Structure formats: C-alpha cells, structure tokens
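[1] Fold the following and give me the result.
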Amino acid sequence: MSNIIKPVLISIILVESALERIDFLQRKKNQFKKYEKKQKKPLEKRILDVSIHNHLIQKIPEKIKRGRPDIIHTALLLALDSRLNQEGYLRIYVHTRNDEVITFKPEVRIPRNYNRFIGLIEQLFEVKKIPPNVDQTLISIKSQKIEDLINKLYPDRVILFSEKGIRTDDEKLQNIFSKNKNITILIGGFPHGDFSEKILVLADEIFSIYDESLTTLSVLSTVIQSAERKLLKNRIETE
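    The predicted model follows:
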C-alpha cells in the first residue's frame, strides 16, 4: 500500500445559482424590440439581473430565486481570495438552475468590478471557456447535472447548508474537516426560497449554522473560515 498522504480537498458548489442568460424567454419577435434598441447586444445574450430586468422577472416561475448574479460575483471573490484557495485546499464551482456547471481554476482572478464580471460571464456563455483561444482554460461552462459533477469529485461526504438542517457550531465543523479528506459542500447561490428536492437528496447531511436564513456570503465565509482554522493550523503544526 502507498504511504502517500491524500491531500485535503474541499469542493464548494454554489447550487441553483441565480445566474442565467435571458435566452430562457419564449417571446414574440417584437415583444422587447423597443428595449433591445438601447442595448449593445441582443437581450437573450444578456445575464438576467433583477435590478435591470425586473419587468421580466415578474413573469417567470420562482422569481424570488432568480436574477441575482451579484451574489455569485461576491461569493467568488471571497472564495478565490481566501487563504484556503491560496494554499490549494479549495475548488469552487457554480451550478445554475438550468443544470450548467461553471468551473474556476484556483489561480483565476475574476474582475472585481461588477459590470466587467457580467461582461466576462456573458462572454463565457457564448464561447464556453475563458480565455477562448488558448490551451490553458481558467473558466469553463458546460451542461452538466449536479449529481454528475458530485460523482466526478468522489467526495467522502456531501454536506448541504440550510437553516432547516441540524444545528452545528464551529467546533463541529472543524471536526468534519479534520476527519474527511475530500468534502463537497453545497451552498445555495440564490437570494430567497428553498432548495429543490433534487438538491436535498444529494446531501449525506444537512447542517445549519444559524436558526434563521443566512445569505450565501455569510454561509460561505463561515465555512471557509472554519476550514482555514483547522487545516492551516494543522499544516503549521506539522511543519
């Protein structure tokens, strides 16, 4: 048997994320003609944003879960800037409500300006990888069911965070990170509403870190900080 120590890897998936193009609309040709005249690109190639497209969101199913790409932007900045990512422990994925998976290489640096980020994501939906014409892909998107992604990650445990889960604290979270080498964590990438049943059934355990609903950013920061306290402390102690 090999004596190589398996490195700890934490895969965080922002699930059912409020990040989508407006190409889901089944519309008549002239329905938004006046609106499109003001845009630099066709409406269906733009990212749905409630602050801009509120008139569209009012007419679609599950509207409270949709049109918040700003949530994904801030979450990605937090995750990619974290010590956990810098030290090689973290992988971050965005799963959309349309079963698309966006993969980010640990070394990628996304735009800090929100409008530039939206431009990047609109390009990504169009060309499928960033940069588009080089071998080393930093960001990619493809159609993929969430369960297929999880299966390819080969996790020891799949943990979902929800206010309806079993109440846990930082000590218990650190214990989880110390006992498992490959953990997949599911965090909602939407502002309001519940997880769909297809997400709930994927989790080995559902935990809550607070008695009420928390934002994506709050849950993500708690998880990352807890992992950093355990994993980086262990690394320093063994050096």
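[2] okay, now residue 90: neighbour count?
    24 (other C-beta atoms under 10 Å). Quick note: C-beta positions are derived from backbone N, CA and C, even for glycine.
[3] Does the residue lying closest to it once chain neighbours are set aside belong to a helix, a strand or coil?
    Distances taken as C-beta to C-beta, 6 or more residues apart in numbering put residue 84 closest to residue 90, at 4.5 Å, once the chain neighbours are dropped. Look at residue 84: counting by DSSP: H, G, I helix; E, B strand; the rest coil, its state is helix.
[4] ok, residue 84 touching residue 78?
    No - counting by C-beta atoms under 8 Å, residue 84 does not reach residue 78; the two are 10.2 Å apart.
[5] So these two - more neighbours on which side?
    residue 84 (24 against 16).
[6] Looking at the chain, which strand is longest?
    strand 157-167 (DSSP state E).
[7] which residues touch the helix or strand that it is followed by?
    Later in the chain than strand 157-167, the nearest helix or strand by DSSP states H and E is helix 170-179. Residues outside helix 170-179 that contact it (C-beta atoms under 8 Å, 6 or more residues apart in numbering): 8, 10, 157, 159, 183, 207, 209, 222-223, 226-227, 229-231, 234.
[8] Just the buried residues from the residues you listed, in PyMOL please.
    To isolate the buried ones among those in PyMOL, judged by 16 or more other C-beta atoms under 10 Å, type:
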select buried, resi 8+10+159+183+207+209+222+223+226+227+230+231
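[9] From the contacts of helix 170-179, which land in strands?
    Judged by DSSP E, these include 10, 157, 159, 183, 207 as members of strands.
[10] hmm, back to that, out of the contacts of helix 170-179, which comes closest to residue 19?
    residue 223 (19.8 Å; C-beta to C-beta).
[11] Which stretches in the protein count as strands?
    9-17, 90-96, 100-104, 129-130, 139-143, 157-167, 182-188, 205-208.
[12] Mind checking the pLDDT average for the fourth one?
    Looking back up the chat, that one is strand 129-130. Over the span of strand 129-130, the pLDDT mean works out to 96.
[13] One more: the second one?
    When pLDDT is averaged over strand 90-96, the result is 97.
[14] Which strands border it, and is each parallel or antiparallel?
    As defined by DSSP bridges, the strand partners of strand 90-96 come to strand 9-17 (parallel), strand 100-104 (antiparallel).
[15] and the nearest residue to residue 184 once chain neighbours are set aside, what is it in contact with?
    In this structure, residue 184 finds its nearest non-sequential neighbour in residue 155, 3.9 Å apart by C-beta to C-beta, 6+ apart. Residues near residue 155 by C-beta under 8 Å, 6+ apart: 11, 182-184.
[16] Ok, residue 138 next?
    Residue 138 touches 104-105, 107-108, 130-131, counting by C-beta under 8 Å, 6+ apart.
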